[in-house]
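Colleague: dropping the sequence and predicted coords here.
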Amino acid sequence: MIARLFAFVCLALFAAPTASAQTFNGQEQAEIRAIVRDYLVRNPDVLREALDALAERSSAERWQQIKADPRDFSIGPADAPVTIVEFYDYRCAYCHAALQWVLDVSRTRRDIRFVFKELPILSDASMEAARAALAARPQGRYLQFHQALMSHPLDRDMTSADIDALARRAGIDVPRMRRDMSNPEITAILEQNRAHAIDYNITGTPGFVINGELIPGFNQPLLETRIREALREARERRSTAR
């Protein structure tokens, strides 16, 4: 009876249309709804706890989606205790300022994994550069091209010719890159990145998400503090799991 009651409570709370509801007659269903309602009215913390648990699970699922997309370029061990996802625009001054820190951390820390996500929001040139970078990734020179695009002076326009010249110097097959830029998959990636940015309330670039927590802008002390906290949290989880 307890199992049947639990099944019906789930149905009553979440309106899931399954055959389980048919195991109770109409009077039983009405009585159980009344019991559940009375219990929740008297114990609202139960419902609050359930909603909190649902929100936590949704947050964890969202984080898993953005940190583990195989289409993204990443640096660092897949099992690193800390993952940092950076959303950036190639024409963003703060993204340019963050570049060296990102490279230094990604090259020197084996306990951190960096995931790179294009978020072109500032100009048409931003969009063209992002599409070019994504199109060039299968050629195996993504990081070199990324650095070149991030190093282009902000006081100068970034033209198509500039993008091609930067790609060529980074070892990219430019005609192939240009053909691949029209691939619908690239549009899908950029749209997905924008959707993730909206989910995390990223309103500008760069946006760093460290183990699921957003650090907006390039605030190096705050980023490094959050990294230390994330590492401590990871150690505590491992200790608890033993």
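Modeller: Now that the structure is in, tell me what you want to look at.
Colleague: contact partners for Ile121?
Modeller: Asp89, Gly204, Thr205 (Cβ atoms under 8 Å, 6 or more residues apart in numbering). Backbone N, C-alpha and C define where each C-beta goes, glycine included.
Colleague: roughly how far does it sit from Asn219?
Modeller: 19 Å (Cβ to Cβ, to the nearest Å).
Colleague: what mean pLDDT does stretch 45-63 have?
Modeller: On average, the pLDDT along stretch 45-63 is 64.
Colleague: with stretch 105-120 instead?
Modeller: Mean per-residue pLDDT for stretch 105-120: 96.
Colleague: where are the low-confidence patches of this structure?
Modeller: 1-23, 46-59 (pLDDT under 70).
Colleague: report the buried residues of stretch 226-235.
Modeller: Buried residues in stretch 226-235, counting neighbours by 16 or more other Cβ atoms under 10 Å, are found at Arg226, Ile227, Ala230, Leu231.
Colleague: closest to Arg178 among these?
Modeller: Checking the buried residues of stretch 226-235 against Arg178 with Cβ to Cβ, the nearest one is Ile227 at 38.1 Å.
Colleague: just checking, the closest one touches Ala80?
Modeller: No: between Ile227 and Ala80 there is no contact under Cβ atoms under 8 Å: 11.1 Å.
Colleague: need the overlap of contacts for these two.
Modeller: Ile112.
Colleague: re earlier: take the buried residues of stretch 226-235 and keep only those in helices.
Modeller: Mapping the buried residues of stretch 226-235 onto helices (DSSP state H) picks out Arg226, Ile227, Ala230, Leu231.
Colleague: would CSV of the residues you listed with distance to Ala167 be doable?
Modeller: Shown next, in CSV, are those (distance: Cβ to Cβ, whole Å):
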residue, distance to Ala167
Arg226, 34
Ile227, 32
Ala230, 35
Leu231, 36
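Colleague: closest to Arg168 out of these?
Modeller: Ile227 (35.8 Å).
Colleague: for the closest one, which non-adjacent residue is closest in space?
Modeller: The shortest distance from Ile227 to any non-neighbouring residue, by Cβ to Cβ, 6 or more residues apart in numbering, is to Val82 (6.0 Å).
Colleague: quick one: the one you found from Phe116, how far?
Modeller: 16 Å.
Colleague: how about residues contacting stretch 165-172?
Modeller: Residues contacting stretch 165-172 (Cβ under 8 Å, 6+ apart): Ala132, Ala136, Gln139, Arg141, Gln144, Phe145, Gln147, Ala148, Leu149, His152, Val174, Met177.
Colleague: quick revisit: out of the contacts of Ile121, which is most surrounded?
Modeller: Ranked by the number of neighbours (other Cβ atoms under 10 Å), the contacts of Ile121 place Thr205 first, at 27 neighbours.
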